[in-house]
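> I'll drop the sequence and a predicted model, then ask my questions.
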Amino acid sequence: MRNGIFITGTDTDVGKTIIAVGIAYALKTKNVNVGVMKPIASGSRSDAQLLKNAARVDEPIDLINPVYFGLPLAPSVASNIESREPDLQKIHTAFEYLSQQHDFLVVEGIGGIAVPIQKDKLVADLAKRIDYPILIVGRSYLGTINHIMLTVTFAKSFGLEICGIVLNTDQNVQRDISVLTNPAEIERLTGLPILGEVPFNQNISVKGAPINVIGDFVSRYIDIAKIHSPQTS
Ligand SMILES: Nc1ncnc2c1ncn2[C@@H]1O[C@H](COP(=O)(O)OP(=O)(O)OP(=O)(O)O)[C@@H](O)[C@H]1O
Ligand SMILES: [Mg+2]
């Protein structure tokens, strides 16, 4: 059943977790039985913990984040150095379980869509296996058109369905003419909807910002109804 979303980004650090938290938090606030997943993490498991807090679920981190590498590297590289293959079966087993427990699952990828997770597998392969519509998070300012176009083209080449794009202001940059003109140009070029434009907020940029502060702020700027309607669960 198509009861979830796979969040990818145009880059690492672009705001995937912040947006995933906003979506999970908003759905939980609407009493949706929402679950979360960060299939692969490297360097830290803090994304999985933030997602867990946003959805207020009891599942252990090992289930929400089945594959973890200690080194903050692309999984294929971390796995090589740590001499340990990522156990993709563990991801699929956890996914099957979580998708049965919840009416809607918010899944955060790792890095961008072409990041290698194994010698011969990319994040796009993982997204294809999970087979939820993907949401692309990009930066709101100059440079994003190119990154969005590359990500959209790449996703389509894997046969992935894209439900939309969120433009996030991950840094305290000036809200200049590029920020104002990017949404319409991206919609024109891709034919995909912009489902949110999230401004910079220094209260959510700090480590350890309370989950309700992040969730309340981010969810205000995202079109949640286009991501989840009661019929989608
Ligand atoms: N709108 C925003 N306002 C303020 N800070 C933000 C905003 N969006 C993101 N940040 C900050 O930028 C950093 C990166 O965001 P985030 O962790 O969500 O990115 P990511 O794409 O999930 O990164 P990763 O690739 O490591 O998973 C975080 O410190 C976050 O708090
Ligand atoms: Mg993240």
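Thanks, I have the structure now. Ligands and ions are numbered 1, 2, ... in the order given.

> list the helices and strands the helix or strand of the chain with the lowest mean pLDDT packs on?
The helix or strand of the chain with the poorest confidence is helix 202-205; it has a mean of 93 (mean pLDDT, DSSP states H and E). With contacts taken as 3 or more CB pairs under 8 Å, 6 or more residues apart in numbering; DSSP states H and E, helix 202-205 sits against helix 211-219. Backbone N, C-alpha and C define where each C-beta goes, glycine included.

> what's in contact with the helix it packs on?
18-19, 21-26, 29, 50, 53-54, 198, 201, 203-204 (CB atoms under 8 Å, 6 or more residues apart in numbering).

> any idea what residue 68 is bridged to?
Applying DSSP bridges to residue 68 yields these beta-bridge partners: residue 41.

> for residue 49, see how far away it is.
Per CB to CB, to the nearest Å, residue 68 is found 12 Å from residue 49.

> with neighbour numbers in mind, choose between these two.
Neighbour count, other CB atoms under 10 Å: between residue 68 and residue 49, residue 68 has more, with 18 against 15.

> correct me, but that one touches residue 45?
Yes - because the distance of 5.8 Å satisfies CB atoms under 8 Å, residue 68 is recorded as touching residue 45.

> mutual contacts of these two, please.
With CB under 8 Å, 6+ apart, residue 68 and residue 45 have no common neighbours.

> report the contact partners of the residue of the chain found nearest ligand 2.
With CB to the ion, the shortest gap between the chain and ligand 2 falls at residue 17, namely 3.3 Å. Residue 17 makes contact with 47, 50-51, 108 under the criterion CB under 8 Å, 6+ apart.

> find the residue ranges of this protein scoring beneath the pLDDT cut-off.
For the chain, residues meeting the criterion pLDDT under 70 lie at 1-2, 231-233.

> quickly find the element holding the spatially most central residue of it.
The chain has residue 7 as the residue nearest its centroid, 2.7 Å off, counting by CA atoms, centre = their mean. Assigned by DSSP states H and E, residue 7 falls within strand 4-9.

> over to residue 179?
helix 177-190.

> for ligand 1, what are the nearby residues on the protein?
Listed as neighbours of ligand 1 in the chain under the rule CB under 6 Å from any ligand atom: 9, 12-18, 47, 111, 168-170, 198, 200-201, 204-205.

> okay, now residue 206: neighbour count?
Residues contacting residue 206 under the criterion other CB under 10 Å number 8.

> what about it, distance to residue 214?
10 Å.

> most distant residue from the middle of this protein?
residue 83 (27.2 Å).

> any idea whether that one is helix, strand or coil?
coil (DSSP: H, G, I helix; E, B strand; the rest coil).

> same question for residue 159.
coil.

> tell me how many other residues crowd residue 69.
Neighbours of residue 69 using other CB under 10 Å come to 21.

> can you check residue 66 too?
A total of 25 residues lie near residue 66 under the criterion other CB under 10 Å.

> quick one, phi/psi of it?
The phi/psi pair for residue 66 (degrees, to the nearest 10) reads phi -70, psi -30.
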